[in-house]
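Student: structure of the sequence below:
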Amino acid sequence: MNNQNLKPFNTWDAEAHRAASVKGGIASGEKRRYLAAIRKICYAYSKTASIENELERLAYRGRRNLQRALCRRRAKREDAERNTGDI
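Tutor: So this is what the prediction gives:
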């Protein structure tokens, strides 16, 4: 362990304290920008995924509704054929 790095700030001279504070501030800003970029990427990805899920759900509903309409049409035609055959 390096004991020079464990000096309390109140024992540092003003220049060294200021330099360390500037370094910390710069590093903090870089980290905040880095995390903001990651958040932005994650948000965009989740938004894209939810849009894809919604489009898939709508396509499924469309196919389901079309199939139901075709079944209803077929059932009506079969009923009409049965009814005309009985007369």
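Student: in the protein, where is pLDDT below threshold?
Tutor: For the chain, residues meeting the criterion pLDDT under 70 lie at 1, 85-87.
Student: now do 90
Tutor: Across the chain, residues meeting the criterion (pLDDT under 90) sit at 1-13, 16, 20, 42-70, 72-87.
Student: show me the helices in it, by range?
Tutor: Chain-ordered helices for the chain, with DSSP state H as the definition, fall at 14-86.
Student: what distance do you get for the spatially most central residue of it to Asn83?
Tutor: With distances taken as C-alpha atoms, centre = their mean, Ser46 lies nearest the centre of the chain, 1.2 Å away. Taking C-beta to C-beta, to the nearest Å as the measure, Ser46 and Asn83 are separated by 55 Å. Just so you know, the C-beta spots here come from the backbone N, C-alpha and C atoms, and that holds for glycine as well.
Student: same question for Phe9.
Tutor: 95 Å.
Student: burial count for Tyr45?
Tutor: Counted with other C-beta atoms under 10 Å, the neighbours of Tyr45 add up to 10.
Student: equivalent analysis for His17, please.
Tutor: 13.
Student: just to revisit the earlier point, and the residue nearest to the centre of the chain, how far from Asn53?
Tutor: Applying C-beta to C-beta, the value for Ser46 to Asn53 is 10 Å.
Student: same check on Arg82?
Tutor: Distance from Arg82 to Asn53, by C-beta to C-beta: 43 Å.
Student: burial of Phe9, as a residue count?
Tutor: By the other C-beta under 10 Å criterion, the neighbourhood of Phe9 contains 9 residues.
Student: going forward can the numbers begin at 538, since that is how I track them
Tutor: Shifting the count to begin at 538 puts that one at Phe546.
Student: can you name the residues that contact it?
Tutor: Counting by C-beta atoms under 8 Å, 6 or more residues apart in numbering, Phe546 makes contact with His554, Ala557.
Student: let's see it at 10 Å
Tutor: Ala553, His554, Ala557, Ser558 (C-beta atoms under 10 Å, 6 or more residues apart in numbering).
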